[in-house]
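Participant: Sequence plus predicted model, see below.
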Amino acid sequence: MVRALVLRGALAGVVGGLLAYVFSLLFAEPVLQAAIDYEGGRDAAKAALEGATEAEAPELFSRAVQGNLGIGVGIVLFGLAVGCFFAVAYCTAYGRTGSIRPRQLTLLVALAGFLSLYLVPFLKYPANPPAIGNGDTISQRAGLYGVMVVASVVFAVLVVWLGQRLQARFGTWNAALLAGLAFVVLIGVVMALLPPLGQLTANVEVSGSLLTETPQPLLDAKGAIVFPGFDADLLYRFRLYSVGAQVILWGAIALVFAPLADRVFARHGSPAQSDMTAV
């Protein structure tokens, strides 16, 4: 039973990945190209300002290959992994959520996964296009984002447990509100403790103490702008499309998985709680 559901979760993840790829190709790819063009122009202006000759690194794969095949394969594989994770989480939650029906549980697990794995960490460290980010802070950024993801998932599990404990005393609605408030407080504390990316040491040395790594205008020795800062509208669109791709991915997984899971239950019968929670 669990194996059948995980395989269907993987299939749903592939479908979600394909849909997210099409969306990204139509909307996010032009923004990515504009960001790459900005990065190239800024590097050239900086090299000219410093009197150096900019050497172009050889490309292992052309931009066309990266923007089409590379992104497509990456998003589909990511969707596959998310689909498998979703199915395991679904099997774990099944039988522990009271009278919630399987299709309703599908939507709730997808919503919880989207919020805890993506949206909440995104609020602290939102996605950035290639032109934004200091190469010297890659490991720090990855570590900080990982802390946010782990904290979000752990707190999500804790508030589910808390909501179940409070349900008998306060009722389902009030228990859910109190548990949600606890999550907001806990994750808010973590966000307040983690540093903004602009205040990492390597960034402070380059641009001073800022909140983000967004490139500021490039100035010459007299303080005149020789190259503009990164376009705020472009950054907004990139982040909006990033969220949109994730909404499509998680939404498609839920919508595809739900009827597939129903067929599994219809064929094998509704499993006992012990059969599903064994994972």
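Facilitator: All right, it came through fine.

Participant: mind checking the SS state of Thr214?
Facilitator: Per DSSP: H, G, I helix; E, B strand; the rest coil, the secondary structure class of Thr214 is coil.

Participant: can you pull the contacts of it?
Facilitator: Contacts of Thr214 were listed using CB atoms under 8 Å, 6 or more residues apart in numbering, and they are 128, 132, 198, 229-230, 235. (C-beta placed from N, C-alpha, C; glycine too.)

Participant: quick one: which of those residues sit in helices?
Facilitator: Leu235 (DSSP state H).

Participant: now the contacts of Thr214 in TSV, with neighbour count, distance to Gly95 and pLDDT?
Facilitator: TSV is the format used below for these (neighbours: other CB atoms under 10 Å; distance: CB to CB, whole Å; pLDDT from 0 to 100):
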residue	neighbour count	distance to Gly95	pLDDT
Asn128	19	41	92
Ile132	20	45	88
Gly198	19	46	92
Gly229	13	53	93
Phe230	21	49	94
Leu235	20	44	95
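
Participant: from the contacts of Thr214, which is closest to Ala192?
Facilitator: If you rank these by distance to Ala192 using CB to CB, Gly198 comes first, at 15.7 Å.

Participant: wait, that closest one sits on Val206?
Facilitator: No - the criterion here is CB atoms under 8 Å, and Gly198 misses it with Val206 at 10.0 Å.

Participant: can you pull out the helices in this structure?
Facilitator: With DSSP H, the ranges of helices along the chain come out as 2-23, 29-50, 63-65, 71-93, 102-114, 120-124, 138-193, 201-207, 232-268, 273-276.

Participant: For Leu219, find the nearest of those.
Facilitator: Counting by CB to CB, Leu219 lies closest to helix 29-50 out of the helices of the chain; the figure is 8.7 Å.

Participant: so what secondary structure elements neighbour the closest one?
Facilitator: When contacts are defined as 3 or more CB pairs under 8 Å, 6 or more residues apart in numbering; DSSP states H and E, helix 29-50 sits against strand 218-219, strand 225-227, helix 232-268.

Participant: Try it again at 10 Å.
Facilitator: Secondary-structure packing of helix 29-50 (3 or more CB pairs under 10 Å, 6 or more residues apart in numbering; DSSP states H and E): helix 63-65, strand 218-219, strand 225-227, helix 232-268.

Participant: tell me which residues of it are tucked away?
Facilitator: Counting neighbours by 16 or more other CB atoms under 10 Å, one finds that the buried residues in helix 29-50 are 29, 31-32, 34-36, 38-39, 42, 45.

Participant: residue contacts, the residue nearest the centre of the chain?
Facilitator: Closest residue to the average C-alpha location of the chain: Tyr118 at 3.5 Å, with CA atoms, centre = their mean. By CB atoms under 10 Å, 6 or more residues apart in numbering, Tyr118 lies in contact with 82, 127, 149, 152, 242-243, 245-247, 249-250.

Participant: repeat that with 6 Å
Facilitator: Contacts for Tyr118 were tallied using CB atoms under 6 Å, 6 or more residues apart in numbering; they are Gln246.

Participant: now do the one 3 residues further on
Facilitator: Contacts were defined as CB under 6 Å, 6+ apart; by that measure Pro121 touches 148-149, 152.

Participant: What's the local residue count around the residue nearest to it when sequence neighbours are not counted?
Facilitator: Closest residue to Pro121 in three dimensions, ignoring its sequence neighbours and counting by CB to CB, 6 or more residues apart in numbering: Met148, at 3.9 Å. Here the number of neighbours of Met148 (other CB atoms under 10 Å) works out to 20.

Participant: pretty sure Met148 is touching Lys124, no?
Facilitator: Yes - at 5.3 Å, Met148 counts as touching Lys124 under the criterion of CB atoms under 6 Å.

Participant: If you count neighbours, what's buried in stretch 237-244?
Facilitator: Using 16+ other CB under 10 Å as the test for burial, stretch 237-244 gives 237-239, 241-242.

Participant: could I get these as a markdown table with distance to Leu108 and pLDDT?
Facilitator: A markdown table is the format used below for the buried residues of stretch 237-244 (distance: CB to CB, whole Å; pLDDT from 0 to 100):
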| residue | distance to Leu108 | pLDDT |
| --- | --- | --- |
| Arg237 | 30 | 96 |
| Phe238 | 29 | 96 |
| Arg239 | 26 | 96 |
| Tyr241 | 26 | 97 |
| Ser242 | 23 | 96 |
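
Participant: of all those residues, which comes closest to Val185?
Facilitator: Looking at the buried residues of stretch 237-244 and their distance to Val185, the nearest is Arg239, at 25.4 Å (CB to CB).
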